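[1] Just to be clear, the model below is a prediction. Sequence and coordinates:
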There are 2 protein chains.
Amino acid sequence: MRAGGPGADGYNSIPAAAVARLPIYRRVLLELLSTRTTTVSSTRLATLAGVNAAKVRKDLSYLGSFGIRGVGYNVEHLLYEVSRELGLTHDWPVLIAGLGNLGSALANYGGFLERGFPVRALVDADPAKVGREIAGVPVRHVDELEGIASEHRIAIGIVATPAVAAQDVVDRMVSAGIGSILNFAPVVVNTADGVSVRNVDLAVELQVLSFYQRRHVPGDLSDLLEPGRVS
Amino acid sequence: MRAGGPGADGYNSIPAAAVARLPIYRRVLLELLSTRTTTVSSTRLATLAGVNAAKVRKDLSYLGSFGIRGVGYNVEHLLYEVSRELGLTHDWPVLIAGLGNLGSALANYGGFLERGFPVRALVDADPAKVGREIAGVPVRHVDELEGIASEHRIAIGIVATPAVAAQDVVDRMVSAGIGSILNFAPVVVNTADGVSVRNVDLAVELQVLSFYQRRHVPGDLSDLLEPGRVS
DNA sequence: CTCTGTGAATGTATTCACAGCT
DNA sequence: AGCTGTGAATACATTCACAGAG
């Protein structure tokens, strides 16, 4: 994981773990489509997605029965069904708050637009940044967030501010009616019910890796037994 | 979770889901320490970490019995134990491959050094980028990766290249003896056994959010029923 | 015969609830 | 009394294994 998904399971209820894998299948299907592959088996899809075949079949079965026994899945049709389930048949306008290194990089990152998430608005608390343009989008002051959000019909907010500013920005996003927030600030933020928040702390990813790396380097365990640097 | 962690469960075996939460507890403990808080209960720690108290106690119990019944946990001691378990009593030198928007932002991102992951080396395939300096670290050619990795005793490799280049870079990292890889390229990469890979596809996070957002905006479901844009 | 779709079985994770220490 | 640590219970996720469609 990181897998655990946000709450509010609907009536239909696809398991959160399965939802988290759908974007991966989608990525693979796009790749297959671009190579003119028309059909794919659960085994092949599993290899390309880095999971096992039973999981692929079970995950896809939550969306319906789109495979053909003895043959496999039609790439184009399956791609459409997965996209529909993920709500990716239309774009989701994004607002980014905080234009430091990470925020600016995300604003410039073409991968978002390409995958249906156009960055339509940027806000920052620093007056020196307000008025500049990044990737063709003007930076505006965070105080104007609410108006900007409704003007551009923002669906998703990305928080790339320092930790101390994150809760305030999240509060503004929530009161602006933004229902989904991707938080890169290293802090746990609170929201009203019904708002989905996904926290991605880049350093956390490295820390988990360092845990598993230790298991593979038993010769280096010695210095771990003595108290030393803690922060 | 994305919880599911990389493999090679050791003898001792802390559940992967628990390991994934340790960095969050650590972050909270650092925050508490900086406010001179000496003791913390599982309930308070849970609130600050955004989980529930039973989970905190269970997670921490895998590391040993460090709490005091009737009182709580000593912040400084618990911080040390969590850090030790994560292998964060010493630094882990990092190499970043691919210095586009994201790679450059990561190289400039102070949060890594601050949390024990100094960025010591940068590589790119583009000759125009080789020779430049980012955050005081020179960019070198990816062909030199192996020598650079051993020279700087690199422990963790970050892949921030385009998808097509990722597998090649990962292969070089693995042959250079790098045992942990954080992959931001939107592609599933293969490695030998014993190498831990964590994939973080930023657009995937947004896609999962868009799934859950749909549940909360039932009025907008209409246009999802007709085939339209698929990618 | 091939490959999907799915109940049943197994494995993991979370939560409950309380004994026992302080 | 307050709070941890942990078995037991529950919930969730993965994998197996095979019936049945093509």
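    Nice, I can see it.
[2] Can you pull the residues of chain A lying near DNA strand D?
    Residues of chain A lying close to DNA strand D by C-beta under 7 Å from any atom of the strand are A:3-4, A:15-18, A:51-52, A:54-55, A:57-58, A:68-71. Backbone N, C-alpha and C define where each C-beta goes, glycine included.
[3] Please flag which of these sit within strands.
    A:Ile68 (DSSP state E).
[4] wait, which of the residues of chain A next to DNA strand D is closest to B:Val188?
    Sorting the residues of chain A next to DNA strand D by distance to B:Val188 puts A:Val51 at the head of the list, at 9.0 Å, by C-beta to C-beta.
[5] Who are the contact partners of the closest residue in space to that closest one that isn't next to it in sequence?
    Excluding the flanking residues, the one nearest A:Val51 by C-beta to C-beta, 6 or more residues apart in numbering or on different chains is A:Arg21, at 6.8 Å. Counting by C-beta atoms under 8 Å, 6 or more residues apart in numbering or on different chains, A:Arg21 touches A:Ala49, A:Val51, A:Lys55, A:Asp59.
[6] Please report the number of neighbouring residues for the second one.
    Per other C-beta atoms under 10 Å in any protein chain shown, the neighbour tally for A:Val51 reads 17.
[7] in the sheet, who's paired with the closest residue to A:Ser104 other than its chain neighbours?
    Leaving aside its chain neighbours, A:Ser104 sits nearest to A:Ile134 (5.8 Å; criterion: C-beta to C-beta, 6+ apart). Beta bridges link A:Ile134 to A:Val137 when assigned by DSSP bridges.
[8] okay, A:Ile134: pLDDT?
    Looking at A:Ile134, its pLDDT is 97.
[9] quick one: contacts for it?
    The contact partners of A:Ile134, taken as C-beta under 8 Å, 6+ apart, are A:Leu99, A:Ser104, A:Ala107, A:Asn108, A:Leu122.
[10] out of the residues you listed, who has the most neighbours?
    A:Leu122 (29 neighbours).
[11] so that residue sits right up against A:His141, yeah?
    No: between A:Leu122 and A:His141 there is no contact under C-beta atoms under 8 Å: 10.5 Å.
[12] and DNA strand C, which of the residues of chain A next to DNA strand D contact it?
    Within the residues of chain A next to DNA strand D, those near DNA strand C by C-beta under 7 Å from any atom of the strand are A:Gly4, A:Ala54, A:Arg57, A:Lys58, A:Ile68, A:Arg69, A:Gly70, A:Val71.
[13] residues near the nearest residue to the last one once chain neighbours are set aside, how many?
    Read that as A:Val71. Among residues not flanking A:Val71 along the chain, A:Thr39 sits closest, at 6.2 Å (C-beta to C-beta, 6+ apart). Applying the criterion other C-beta under 10 Å, we find 15 residues in the vicinity of A:Thr39.
[14] so what's the backbone phi/psi at A:Thr39?
    Here is the backbone geometry of A:Thr39 (degrees, to the nearest 10): phi -130, psi 150.
[15] and the gap between it and A:Arg69?
    13 Å (C-beta to C-beta, to the nearest Å).
[16] Same check on A:Ala176?
    49 Å.
[17] between the two, which one's more packed in?
    Each of A:Ala176 and A:Arg69 has its neighbours counted (other C-beta under 10 Å); A:Ala176 has more, 16 against 6.
[18] Touching, A:Gly194 and A:Gly177? I think so.
    No: taking contacts as C-beta under 8 Å, A:Gly194 lies outside contact range of A:Gly177: 10.7 Å.
[19] thinking again about what came up before, isn't the residue nearest to A:Val71 up against A:Glu76?
    No: using C-beta under 8 Å as the test, A:Thr39 is too far from A:Glu76 to be in contact (9.8 Å).
[20] Going along the chain, name the strands of chain A.
    Under DSSP E, chain A gives strands at A:39-40, A:67-68, A:72-74, A:94-97, A:119-124, A:133-134, A:137-141, A:156-159, A:180-183, A:196-199.
[21] where does the lengthiest helix in chain A sit relative to the chain's centre, distance-wise?
    Using DSSP state H, we find that the single longest helix of chain A is helix A:16-34. For helix A:16-34, the gap between its own C-alpha mean and the chain's C-alpha mean amounts to 13 Å (C-alpha atoms, centre = their mean, to the nearest Å).
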